[in-house]
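# Here is a sequence with its predicted model. Questions after.
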Amino acid sequence: MNNISSSTPVWLEGLNDQQKEAVIHGRNPLLILAGAGSGKTRVVTSRIAWMVAEKGFEAPSVLAMTFTNRAAAEMRERVAEMVPEAGGAMIRTFHSFGAWLLRRNASAVNLSSNFTIYDDDDQVSLLAQVLVGVPRRELRLWAHRIARAKDEGLGPDDDLSSFSRNSDFPGIYRNYENRLRDIGNVDFGDLILLPIRLLRERPEVKNRLQQRFRAVLVDEYQDTNVAQYQLLRELVGPGTWVGVVGDDDQSIYRFRGAEVGNILGFPDMFPGTRVVKLEQNYRSTGTILEIASSVVSNNTGRLGKTLWTAGDAGDKAVLVYLENHNDEAEWCADRVDSDGNFGATAILYRTNAQSRIFETVFRRRNIPYRIVGTLSFYQREEVKDVLAYLSWLANPRDEVAFRRIANKPARGLGKTSLNRLMDAALSAHAGDILAACRKVELKGKAAKALEFLAGLSERYEHSGGFDHLGFLVKDLAASSGLLEHYREVDRIENSQRSRNLDELVNAAAEYPASPEGLTAFLELVELDQANLEEEEDDENRVTLITMHNTKGLEFDRVIITGMEEGLFPRGDESFDDDELEEERRLFYVAITRARKSLAFTTCRRRMLWGRYRDSQSSRFLKEIPYDQIRVEGDGDSHDPADDRWHPGVKLYHDEYGVGVVQRRMANSGHTVIHVLFESGRSATLLPEFSSHKMELLGVAGEDW
């Protein structure tokens, strides 16, 4: 480790030895294996500050990539606070960096620099033009396959058999790509895939980029997919200082294309890698960390680390056996209602469907709550309508945007007339829909509709009359008829959709009313929509949230519900090892969201398709150290003949000696008990078949 002067520089203040080691590591590849709550963001930002202030890196020569605009903004702010001149480092999301690179090299990939970025709905709409008459549900499936192929860095001419055995898939993918290129826009996958192709096919661009960026850092590396790894490989040259930060135990986004092998194999992919483990946790109690480490240690696909804290051990976790999901919701309500500290509590579940009973019970008991993961602001219909108008203003060839707004509100432009217009735009006007609106001759209402749309676009060609983009959006919402349309919807449905248009005006007000301002605003919307949440007035509310959505969050009190086989882990015995290990990593993430208090609930029965069915407790509960939990309830068995085997009963076993029942479960109609013996051994027994070997001794004393 390098020597540190007696007057500690700001970028090393308050860091532990492992964090300091990661910050001042030299030029060899660096993998920072950062456990939950170990202060990784501080380490990344401190390393950037150190590079600029101590090692002489020019700030613009440092590139750091992460996954959300919020995280990127936080990193920029922290870096600038430590070393103001380091604030010039390029800190972006992967997709934002891809957009930046493509706009500056647009001609090299046959794009215009003002291209629009298509989201999932836009992809489906474009596919509808390629696969005429195909149901939207099927279109979504094809769009998903195309997106996943791009996540793997694959084009339509590559081997796509792992995504679909349907022989039509390559052709559908190819036609989609051709249509997308004809329009001149890109989708999210292109923001990674096209830069990879650019750097591979244009050595001069690659060399220029490698010379500019002397250091490349990646945050949350465990969440990268194959294409993002490939982009990193292209950016790293012989003299590049490359470093990644992540936690293999928190890789939980396989369904989005995340590849845990990227972080597991980093030392092999970049020879000479120095691995620094950040294991000191600053968030949770010792009990919570011991439970988390014990659970995740059952995974074989991991690099290995053990979290610890210098803080208190804290209270034991609570494991609660309940009769059914109604009792589960009532128990959770009792728990949070006992002290009224709603805002510090999160109730976690594996699937969104599990939230319904909590909502019902909490509403009845007047317990305030919020659900995380509902439809985001920019995905709402009325907002997307205005954004479609803006997208068409930015790019008159944007077919998807135009088709969305051409007849909304209704203005008499039917499907036949619309298709005729689009054919003319592609054949006679190089895809320019605005030019086609001015030239194509239609009759009646259709002709008036084209005249209106062309006039609407011309109204904003010279936007200097607006002080900022917000005023343009306000004028557009009114002039297009959308504002009055949604006011009428509000009157009929007693909704507040028109208020969302007001909020959109506020969001756009930060941008200038210019082509550049419009492009920047649309890019922000597409890249950041999944991360923006509306502000809520009441902070003191229980959080209802899926385990996946808790990533990056923390709460004083966490209750993990639905700990039953088939629900969590989901699936059945057909689960492969990789899927099971990802479920276990998800459990680890859920556990490590807790700061002070942790509880688990499991039900003997749960309703499925309108009927109650017996449940078996999750296998993950068996991986929790029993000396770190306190058991409540006995919901797994209600057979009076089995009451004597309840938790806390002391027994003698011919083979194992004296022990105490830790918990009782039901499995296929049989009572199952887990017993901890004086020898330190534990065993799972079926009293029904082992009674001749066991003798009841009474209730265990306090020493147990």
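Yep, that arrived.

# Tell me where the stretch 551-700 of the chain is predicted with low confidence.
The model of the stretch 551-700 of the chain has pLDDT under 70 over residues 572-575, 607-612, 634-643, 665-670, 699-700.

# switch to 50 and redo it
Scanning the stretch 551-700 of the chain for pLDDT under 50 picks out 609-610, 635-641.

# Strands of that one, residue ranges please.
All strands of the stretch 551-700 of the chain, identified by DSSP state E, counting those that start in this stretch, fall at 555-560, 594-603, 605-608, 611-614, 629-632, 649-653, 657-667, 670-677, 682-685, 694-699.

# out of the ones you listed, deepest packed?
Across these, averaging neighbours per residue (mean count of other C-beta atoms under 10 Å) puts strand 594-603 on top, at a mean of 25. The way it works is simple: take the backbone N, C-alpha and C, and place the C-beta from them, glycine included.

# quick one: that one to strand 657-667, angle?
Taking axes from the mean of the first three to the mean of the last three C-alpha atoms, to 10 degrees, strand 594-603 and strand 657-667 form an angle of 70 degrees between their directions.

# between strand 594-603 and strand 555-560, how many degrees?
20 degrees.

# on that earlier part again, possible to save the strands of the stretch 551-700 of the chain as JSON lines with distance to residue 26?
Converted to JSON lines, the strands of the stretch 551-700 of the chain look like this (distance: least, C-beta to C-beta, whole Å):
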{"stretch": "strand 555-560", "distance to residue 26": "38"}
{"stretch": "strand 594-603", "distance to residue 26": "35"}
{"stretch": "strand 605-608", "distance to residue 26": "55"}
{"stretch": "strand 611-614", "distance to residue 26": "59"}
{"stretch": "strand 629-632", "distance to residue 26": "45"}
{"stretch": "strand 649-653", "distance to residue 26": "58"}
{"stretch": "strand 657-667", "distance to residue 26": "50"}
{"stretch": "strand 670-677", "distance to residue 26": "49"}
{"stretch": "strand 682-685", "distance to residue 26": "47"}
{"stretch": "strand 694-699", "distance to residue 26": "62"}
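
# Tell me how many other residues surround residue 524.
18 (other C-beta atoms under 10 Å).

# Could you find the closest non-adjacent residue to it?
The shortest distance from residue 524 to any non-neighbouring residue, by C-beta to C-beta, 6 or more residues apart in numbering, is to residue 69 (7.4 Å).

# Residue 527 is in contact with the one you found, correct?
Yes - if you go by C-beta atoms under 8 Å, residue 69 and residue 527 touch, sitting 6.2 Å apart.

# Compare the two and say which is more crowded by neighbours.
residue 527 (23 against 19).

# Please, which helix or strand holds that one?
helix 515-528 (DSSP states H and E).

# Run the chain-centre distance for that helix.
21 Å (C-alpha atoms, centre = their mean, to the nearest Å).

# in it, what counts as buried?
517, 518, 519, 521, 522, 523, 524, 525, 526, 527, 528 (16 or more other C-beta atoms under 10 Å).

# what pLDDT does the last one get?
Residue 528 is assigned 53 on the pLDDT scale.

# Would you mark the buried spots in stretch 208-222?
For stretch 208-222, by 16+ other C-beta under 10 Å, it's 209, 210, 213, 214, 215, 216, 217, 218, 219, 220, 221, 222.

# What is the nearest of the residues you listed to residue 689?
Nearest to residue 689 among the buried residues of stretch 208-222 is residue 222, at 44.2 Å by C-beta to C-beta.

# Now do the contacts for that closest one.
246, 247, 248, 250, 251, 258, 260, 262, 263 (C-beta atoms under 8 Å, 6 or more residues apart in numbering).

# ok, now residue 159?
So residue 159 contacts nothing (C-beta under 8 Å, 6+ apart).

# So, low pLDDT: which residues of this protein?
1-5, 529-536, 609-610, 635-641, 702-704.

# Now do the strands in the stretch 201-350 of the chain.
With DSSP E, counting those that start in this stretch as the criterion, the stretch 201-350 of the chain has strands spanning 215-218, 241-246, 274-278, 317-322, 345-349.

# what comes up buried for stretch 277-286?
277, 278, 279, 280, 281, 283, 284, 285, 286.

# again, but for stretch 254-265
254, 257, 258, 259, 260, 261, 262, 263, 264.

# Ok, stretch 236-243 next?
Neighbour counts over stretch 236-243 (16+ other C-beta under 10 Å) mark 236, 240, 241, 242, 243 as buried.

# Ok, stretch 362-379 next?
Under 16+ other C-beta under 10 Å, the buried positions of stretch 362-379 are 362, 367, 368, 369, 370, 371, 378.

# Stretch 455-471 now?
So, applying 16+ other C-beta under 10 Å, buried residues of stretch 455-471: 456, 457, 460, 463, 466, 468, 469, 470, 471.

# with those residues in mind, which one is nearest to residue 357?
The closest of those, once distances to residue 357 are taken by C-beta to C-beta, is residue 470, at 41.8 Å.
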